[in-house]
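> here is my input; please provide its structure:
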Amino acid sequence: MTAIALDQTATQDRSRSLGQRILAVVRLHFVNPTAILWLPLMILGIIFGANWILWWLIHEFSGGKDLTEGTQWSGASAFIFVYMMVVAIQAMHLTFQYALGMGATRRDYYLGSALTFVLLGAGWAALIGTLGVLEELTGGWGLNGRMFTSVYFGADGAAVRYWYVFLLFLLFLFLGALSGALFVRWKALGVTALWVGLGLLLVAGLAVVIMTNAWGAIGGFLGTIGTGGAYALTLVGSALAGIGGFLVLRRATPRA
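Have a look, this model is predicted:
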């Protein structure tokens, strides 16, 4: 009876439009909102609370010192980008086998997962961007602290900051999608190989730059393209990770 029921479900799933099948995968990813939404939000709140207490202590015990110059280099919000990459890996690991068992194709599953990650990136960009606006309006939460408007997000205004944050989330989420696809297909060995490979490429790139003394050329190039151009380059990484994830997943086999 179970086999018959799964056959019927698969037949019904194939009869639906591509858009319906993709949205079904998106809904599947949000079945457990605690892991994909509430836990990351809680972690972000804890990080912010810890930073606010630190700012307050410095402010109180330094005679009301202005913290703006120091906290503009804050990397406190960086953790949430890395954490969302981990969320993407876990999401694919936990849902891939179930989705295929319910009749989804690998293409449907990956497109639905990609849409999920784009939606997550847009939602987080809206949240971080709005918190950045509040940070500016409240004078750094009353203490001249900066967590959501740090120098890494540029100085081109609130609207552009939304875009920059969105691009960053896309990069990390699709690196997570690639890592998740590798984990589904080759488990920890695949993910380890990816990050070791990226690490070796980074070291090799640094070695070339150092041996050719190309720091000036790199600085000139980044100065020419500006912050917007530098962030736009992340789209290349996001696209490569997205395509790579699909190519890996198209031959993956569901495993317990």
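> show me where pLDDT drops low in the stretch 151-256 of the chain?
Counting by pLDDT under 70, the ranges of the stretch 151-256 of the chain that qualify are 255-256.
> mind listing the helices in it by residue range?
According to DSSP state H, counting those that start in this stretch, the stretch 151-256 of the chain carries its helices in the segments 158-212, 215-249.
> pLDDT weak spots in the stretch 1-150 of the chain?
1-15, 64.
> before we move on, back to that, okay, the helices of the stretch 151-256 of the chain in CSV with distance to residue 94 next?
(Each C-beta comes from the backbone N, C-alpha and C, glycine too.) Shown next, in CSV, are the helices of the stretch 151-256 of the chain (distance: least, Cβ to Cβ, whole Å):
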stretch, distance to residue 94
helix 158-212, 9
helix 215-249, 14
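> please identify the most buried of those helices.
helix 158-212 (a mean of 17; mean count of other Cβ atoms under 10 Å).
> specify the angle between it and helix 215-249 in degrees.
110 degrees (axes from the mean of the first three to the mean of the last three Cα atoms, to 10 degrees).
> for helix 158-212, packing partners?
Applying 3 or more Cβ pairs under 8 Å, 6 or more residues apart in numbering; DSSP states H and E, one finds that helix 158-212 contacts helix 78-101, helix 106-137, helix 215-249.
> flag every buried residue along the first one.
When neighbours are counted by 16 or more other Cβ atoms under 10 Å, the buried residues of helix 78-101 are found to be 80-81, 83-85, 87-92, 94-96, 99-100.
> out of those residues, which is nearest to residue 59?
Distance to residue 59, by Cβ to Cβ, is smallest for residue 80 among the buried residues of helix 78-101, at 24.3 Å.
> so the closest one makes contact with residue 46?
No: the criterion here is Cβ atoms under 8 Å, and residue 80 misses it with residue 46 at 10.8 Å.
> distance of residue 34 relative to residue 212?
Using Cβ to Cβ, to the nearest Å, residue 34 is found at 50 Å from residue 212.
> ugh, typo on my part, it should be residue 151
To residue 212, residue 151 is 28 Å away according to Cβ to Cβ.
> re the thing from before, quick one: which of the helices and strands packed on helix 158-212 is nearest residue 146?
For residue 146, the closest of these is helix 106-137, at 6.5 Å, according to Cβ to Cβ.
> for that closest one, packing partners?
Helix 106-137 packs on helix 18-29, helix 78-101, helix 158-212, helix 215-249, going by 3+ Cβ pairs under 8 Å, 6+ apart.
> among the ones you listed, which is nearest residue 68?
Distance to residue 68, taken as Cβ to Cβ, is lowest for helix 158-212 among the helices and strands packed on helix 106-137, at 16.7 Å.
> chain center to that closest one: distance?
Centre-to-centre, helix 158-212 and its host chain are 10 Å apart (Cα atoms, centre = their mean, to the nearest Å).
> likewise for stretch 224-233?
Put simply, stretch 224-233 sits 19 Å off its chain's centre (Cα atoms, centre = their mean).
> just stretch 103-110 next, same as before
Distance of stretch 103-110 from its chain centroid, counting by Cα atoms, centre = their mean, is 22 Å.
> got it, and stretch 50-66?
In terms of Cα atoms, centre = their mean, the centre of stretch 50-66 is found 31 Å from the chain centre.
> with that, I have no additional questions.
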